[in-house]
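K.L.:
Sequence first, then the predicted structure:
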Amino acid sequence: MHELVIARSPASHPERSRRTRDDEAISVPFRLHTMTRTYSLPHIYDIAFDFRDVKGEVDFLCHIAKKQLGRPVKSAIELACGPAYHAREFARRGIVSDGLDLSPEMIAYTRELANKERLAMNAIEADMRWYRSEKKYDLAYILIASFAHLLTNQDILDNFNCVADLLNDGGVYVIVTAHPRDFWGVGERYAKTHWTMERDGVVVITDWGGDNDRFDPLTEIDDVTVSFAVTENSETTVHKCPERLRRLSFQTFQALVQLSGRFETANLLGDLDESVPLSSENESGRLVAVMGKRNL
Ligand SMILES: C[S@@+](CC[C@H](N)C(=O)[O-])C[C@H]1O[C@@H](n2cnc3c(N)ncnc32)[C@H](O)[C@@H]1O
């Protein structure tokens with residue numbers, strides 16, 4: 001057993017760092033599990049990341065897609081869906097909705113959740129760089145830190161080709177990712193890296209990044225350690241998971257969109273809110289790119 005000093009703040013979550021209260025430190029004994037894959041613990045991820053206004057975010061995605069399509073969205077696919085909070089909400093609204101993820105554990109878990117609700121939704125185990133299907137969608141979307149899992153420029157170009165091939169003519173790709181300010185450590189952070197969530201007596205404290213993180217300025221990849229401290233029945237287990245994320249600059253992002261030739265950028269926003277343009281101001285907390293598929 002180890003001794004762990006953890007900070008508790010049940011109201012805190014990662015996408016609202018400026019609005020949380022100070023943490024209160026406590027000390028508990030814990031078991032340590034190292035080298036777990038971050039996404040091999042879907043039930044823990046599901047608690048840790050269940051802090052979002054999923055209905056509001058799906059309202060935004062439907063609205064922005066309708067504007068681009070000129071009609072309501074009829075079909076959508078979530079890339080790197082994890083437990084598919086949003087894809088399940090699309091399905092509840094009667095929209096054809098699928099989710100795609102590389103992790104077999106996540107996909108099995110998502111299928112279980114969708115089946116429990118009897119949702120007509122496919123959870124597809126596949127890579128968002130290379131998946132191809134006869135089925136086409138009006139909208140593809142990718143949320144939270146998932147786009148940063150595309151580590152190289154080629155990964156991003158492959159993703160653009162993959163998504164364009166999955167979309168109907170005139171289809172829309174919405175990318176929601178971290179504001180470059182957060183990646184580059186400039187100014188006030190928007191995304192929190194330490195937060196606590198609780199569900200049914202299970203408390204999950206997440207730390208996105210630790211002391212031994214390393215950034216390679218040539219590859220632009222951050223090697224970080226994600227840790228989940230899970231307390232259930234008074235026993236705490238800490239899972240340490242190595243993770244790799246790309247620090248993509250906005251200029252490189254734009255260059256890759258242009259190089260790919262598969263999309264036109266229709267709108268750049270600083271939040272899931274049309275009234276917040278992308279800028280370097282603090283109000284602009286994320287990078288939201290709304291892209292229309294180009295006809296070749
Ligand atoms: C931060 S989670 C996001 C989950 C979910 N979209 C959400 O909003 O909570 C990132 C997900 O990306 C998936 N992933 C990473 N690389 C991938 C790839 N190349 N293709 C498909 N999924 C990938 C992981 O398995 C993980 O479930």
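P.N.:
Thanks, I have the structure now.

K.L.:
Please make it C-alpha for all contacts and neighbour counts, starting now.
P.N.:
Will do.

K.L.:
which regions of this protein sit below the pLDDT cut-off?
P.N.:
1-30, 33-35, 210-211 (pLDDT under 70).

K.L.:
can you pull the buried residues of stretch 37-53?
P.N.:
If you call a residue buried by 16 or more other C-alpha atoms under 10 Å, then stretch 37-53 has these buried ones: Thr38, Tyr39, Leu41, Pro42, Ile44, Tyr45, Asp46, Ile47, Ala48, Phe49, Phe51.

K.L.:
Apologies, that question was intended for stretch 273-288.
P.N.:
In stretch 273-288, counting by 16+ other C-alpha under 10 Å, buried: Val276, Pro277, Leu278, Ser279, Ser284, Gly285, Arg286, Leu287, Val288.

K.L.:
how about Asp165, what does it touch?
P.N.:
Neighbour list for Asp165: Arg132, Lys136 [criterion: C-alpha atoms under 8 Å, 6 or more residues apart in numbering].

K.L.:
in the stretch 151-296 of the chain, which spans are helices?
P.N.:
When secondary structure is read from DSSP state H, counting those that start in this stretch, the stretch 151-296 of the chain shows helices at 153-166, 180-184, 250-260.

K.L.:
What residues of stretch 140-158 count as buried?
P.N.:
Neighbour-count burial for stretch 140-158 [16+ other C-alpha under 10 Å]: 140-144, 146-153, 156-158.

K.L.:
Likewise for stretch 198-207?
P.N.:
For stretch 198-207, by 16+ other C-alpha under 10 Å, it's Glu198, Val203, Val204, Ile205, Thr206, Asp207.

K.L.:
I'd like to know the beta-bridge partner residues of the nearest residue to the first one once chain neighbours are set aside.
P.N.:
Leaving out its chain neighbours, the residue that sits closest to Glu198 by C-alpha to C-alpha, 6 or more residues apart in numbering is Val204, at 6.1 Å. When assigned by DSSP bridges, Val204 has beta-bridge partners Met197, Val230.

K.L.:
domain parsing for this protein?
P.N.:
2-38+182-246, 54-180+249-293 (automatic domain parsing).

K.L.:
Mean neighbour count, those: which tops it?
P.N.:
Across these, the average number of neighbours (mean count of other C-alpha atoms under 10 Å) peaks for domain 54-180+249-293, which reaches a mean of 19.

K.L.:
starting at the chain centroid, how far to that domain?
P.N.:
10 Å (C-alpha atoms, centre = their mean, to the nearest Å).

K.L.:
Do any residues in that domain lie close to the ligand?
P.N.:
Yes. With C-alpha under 6 Å from any ligand atom as the criterion, the ligand is reached by domain 54-180+249-293 at 80-82, 84, 101-103, 126-129, 143-146, 149.

K.L.:
Stretch 96-107: end-to-end distance?
P.N.:
18 Å (C-alpha to C-alpha, to the nearest Å).

K.L.:
Tell me which residues are up against that stretch.
P.N.:
Taking C-alpha under 8 Å, 6+ apart as the rule, stretch 96-107 contacts 39-42, 74-84, 87-88, 90-91, 120-128.

K.L.:
Can you tell me the centre-most residue of the chain?
P.N.:
Per C-alpha atoms, centre = their mean, the C-alpha nearest to the average position across the chain is that of Ile144, at 2.6 Å.

K.L.:
Grab the nearest non-local neighbour of that residue.
P.N.:
Thr177 (5.4 Å).

K.L.:
do Val58 as well
P.N.:
His86 (6.5 Å).
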